[in-house]
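Trainee: Structure, please.
(2 chains)
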Amino acid sequence: MAHTQPAAASPTVTDAVLIAAWQHGDEQAAAELVRRHARVLARFLAGAGAPEADLDDLVQETFIRAFRAVGRFRGQCQFRTWLLTIGGNVLRDAGRRWARHKVVPLDDALRSPLGDPHEEAVARETETRLGAGLARLPRMQREVFLLRAQQGLEYDEIAAALGTSTGAARVHYHHAVRRLKEFLQ
Amino acid sequence: MIDHTEQDRELRALVQGLGARAAERLDVERTAAEVVRRLREQAAVAPAWWGRTVWLRVAAAVVLIVGVGLIYRQGGPKSPRPVGDQVVSSTDAGLSELSSDQLRVLLQALDAEEFPGLTAAQDAGLEDLDAGQLRALLRSLEG
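Mentor: Next comes the predicted model:
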């Protein structure tokens, strides 16, 4: 891959500029895009049910797919939103692989807790219950809910990223909320 | 404008924290370096793979062109037209309008097509059959 003038990795440089730079072979632009969006992506994936042990792999795979397909990104939504929807696809594919090979996610008790053990335990219990509720939702409802409630995106942005209408996204969100509340009660 | 109805405020608060600790533990610099390394690796592998597929496509195209050329050089794939069709199409009329001679020709043509395995012996008349053969024929007609 040809190396060209690297794009400045400052916050003022937009994602669009970094994407263009990456398309011209600037690896640092790709690295900067990873730095900007990796944590948000990881949070989205974890919320959508990704085991923590696989989070790094899933984040990497999502970025790899996104960079390979970046020519198809037409700016219909923000790069981050587009990335999250790719993350959803990566997680779905990984879920199929895990189901085929019957991979059991690392048990909670085996994870190394950081911070106060009691807080950890409470937070983990809440996460577990919410995660279980989210796992029971249809994929579209789950993704719309996470993009809305976790990422704070507007319905039209979500609709553009998921290829649906704003009204449908709104309906998915409200169904998800209703079902989650039922589950958590 | 993001709504904050009472119904989902609590849920929103819960989901905001979902995966936050796991995301915090992610080593972003290492992830970025790993992504760049994998992209570089794939970029190096891609041309070789593309080259192989291009050669395969070219080879397949050559085989196809040569094959089609050979077929047409030998006069093309001709399916012989059944004689019966010729009779019917030549009269271009219903069976009731055919003369007895034409009907005979047509029946002979159909016999020749539908029962190509018939031997000369099987084509023989009833008078040529012996008693056993006649009984067998009658049984087959009954059954």
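
Trainee: Buried residues of the lowest-mean-pLDDT helix or strand in chain A, list them for me.
Mentor: When the helices and strands of chain A are scored by mean pLDDT, DSSP states H and E, helix A:117-135 comes last with a mean of 78. For helix A:117-135, burial by neighbour count (16 or more other C-beta atoms under 10 Å in any protein chain shown) applies to A:123, A:124, A:127, A:130, A:131, A:133, A:134. Placement of C-beta: from N, CA and C, glycine included.

Trainee: Does anything pack onto it? Which helices or strands?
Mentor: helix A:139-145, helix A:166-184, helix B:6-17 (3 or more C-beta pairs under 8 Å, 6 or more residues apart in numbering or on different chains; DSSP states H and E).

Trainee: In chain B, where is pLDDT below threshold?
Mentor: B:1-8, B:46-53, B:76-96, B:106, B:109-127, B:143 (pLDDT under 70).

Trainee: switch to 90 and redo it
Mentor: B:1-22, B:41-143 (pLDDT under 90).

Trainee: Quick check: residues of it near chain A?
Mentor: B:2, B:7-8, B:11-12, B:14-36, B:38-40, B:42-43 (C-beta under 8 Å from any C-beta of the partner chain).

Trainee: Filter the residues you listed down to the buried ones, ChimeraX style.
Mentor: Selection of buried members from the residues of chain B next to chain A for ChimeraX, criterion 16+ other C-beta under 10 Å:
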select /B:8,11,12,14,15,18,19,20,21,22,23,26,28,31,32,34,35,36,39
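
Trainee: so residue B:129 makes contact with residue B:138?
Mentor: No: applying C-beta atoms under 8 Å, one finds residue B:129 not in contact with residue B:138, separated by 10.4 Å.

Trainee: What values do phi and psi take at residue B:27?
Mentor: phi -90, psi 90 (degrees, to the nearest 10).

Trainee: Without its sequence neighbours, what residue ends up closest to it?
Mentor: Once flanking residues are discounted, residue B:27 sits nearest to residue A:56: 7.4 Å by C-beta to C-beta, 6 or more residues apart in numbering or on different chains.

Trainee: Identify the residues contacting the residue of chain B found nearest chain A.
Mentor: Ranking the residues of chain B by distance to chain A (C-beta to the nearest C-beta) places residue B:19 first, at 2.7 Å. Counting by C-beta atoms under 8 Å, 6 or more residues apart in numbering or on different chains, residue B:19 makes contact with A:42, A:43, A:44, A:45, A:46, A:47, A:50, A:127, A:150.
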